[in-house]
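Asker: coords below, sequence missing:
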């Protein structure tokens, strides 16, 4: 039977056992949060400790920055859908392994297939490489990449991970750059709305 809803996918993957190391250390699967009918998908790297405890992506310090950036362009978390490249937190927040990204590939592909987003915002290197197959977020950020996924054109917009801003002592120049990138995301969304291709948010 074909999976037709995010709730079905959430149920299917909440007991995933593909990554033995992640399985041994995980608190819970963090599937995603937001509007299941949204046409804008935000894709991060992997849950952190706060996310793993609460079961909500981007609910820690990075999440507060993300929420502020969304608010700066008139968007809320309730209008978009937020998930990660990995469903489970790597121990000590280490980088995801290639095998782990591959093990989560089918789930993310199915999320995209069900949602049919018009815009995907890739947050950081791992999400950007997963969707675009390109590395180097500092050179890719703030650009729009029209990309065909499952036969449909999607506008992919890579952005710097909010953690980078935090690691750099909340550098105001980095935050200003991130705000400009989010203004561009809002412009891409507005253009899609005018084409009447986004539907309801």
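Answerer: Everything's here; your move. Please read all numbers here as calculations on a predicted model, not as lab measurements.
Asker: quick one: the strands in this structure?
Answerer: 33-34, 40-44, 81-84, 119-123, 145-149, 152-159 (DSSP state E).
Asker: As JSON lines, those with distance to residue 194 would be great.
Answerer: C-beta: built from backbone N, CA, C; applies to glycine. Formatted as JSON lines, the strands of the chain follow (distance: least, C-beta to C-beta, whole Å):
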{"stretch": "strand 33-34", "distance to residue 194": "23"}
{"stretch": "strand 40-44", "distance to residue 194": "15"}
{"stretch": "strand 81-84", "distance to residue 194": "22"}
{"stretch": "strand 119-123", "distance to residue 194": "13"}
{"stretch": "strand 145-149", "distance to residue 194": "16"}
{"stretch": "strand 152-159", "distance to residue 194": "13"}
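Asker: Can you point out the buried residues in stretch 116-132?
Answerer: Neighbour-count burial for stretch 116-132 flags 117-131 (criterion: 16 or more other C-beta atoms under 10 Å).
Asker: which one of the residues you listed is nearest residue 104?
Answerer: For the buried residues of stretch 116-132, the minimum distance to residue 104 (C-beta to C-beta) is 8.7 Å, reached by residue 130.
Asker: how close does that closest one sit to residue 192?
Answerer: 22 Å (C-beta to C-beta, to the nearest Å).
Asker: Find the nearest non-adjacent residue to the residue nearest in space to the middle of the chain, please.
Answerer: Closest residue to the average C-alpha location of the chain: residue 43 at 1.0 Å, with C-alpha atoms, centre = their mean. Leaving aside its chain neighbours, residue 43 sits nearest to residue 127 (4.3 Å; criterion: C-beta to C-beta, 6 or more residues apart in numbering).
Asker: pretty sure the one you found is touching residue 86, no?
Answerer: No: the criterion here is C-beta atoms under 8 Å, and residue 127 misses it with residue 86 at 9.9 Å.
Asker: Now the common contact residues for these two.
Answerer: residue 45 (C-beta atoms under 8 Å, 6 or more residues apart in numbering).
Asker: Quick one: closest of the strands of the chain to residue 9.
Answerer: Of the strands of the chain, nearest to residue 9 by C-beta to C-beta is strand 81-84, at 10.1 Å.
Asker: can you put the strands of the chain in TSV and add distance to residue 100 and mean pLDDT?
Answerer: Formatted as TSV, those follow (distance: least, C-beta to C-beta, whole Å; pLDDT from 0 to 100):
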stretch	distance to residue 100	mean pLDDT
strand 33-34	21	96
strand 40-44	14	98
strand 81-84	11	98
strand 119-123	17	98
strand 145-149	21	95
strand 152-159	21	96
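Asker: Nearest to residue 5, out of these?
Answerer: strand 81-84 (12.6 Å).
Asker: got a list of contacts for the closest one?
Answerer: Residues contacting strand 81-84 (C-beta under 8 Å, 6+ apart): 6, 30-36, 38, 40-47, 57-58, 66, 108, 111, 115, 117, 127.
Asker: I'd like to know which of these are part of helices.
Answerer: 6, 66, 108, 111, 115, 127 (DSSP state H).
Asker: top of these by neighbour count?
Answerer: Highest neighbour count within the ones in helices among the contacts of strand 81-84: residue 127, with 28 neighbours (other C-beta atoms under 10 Å).
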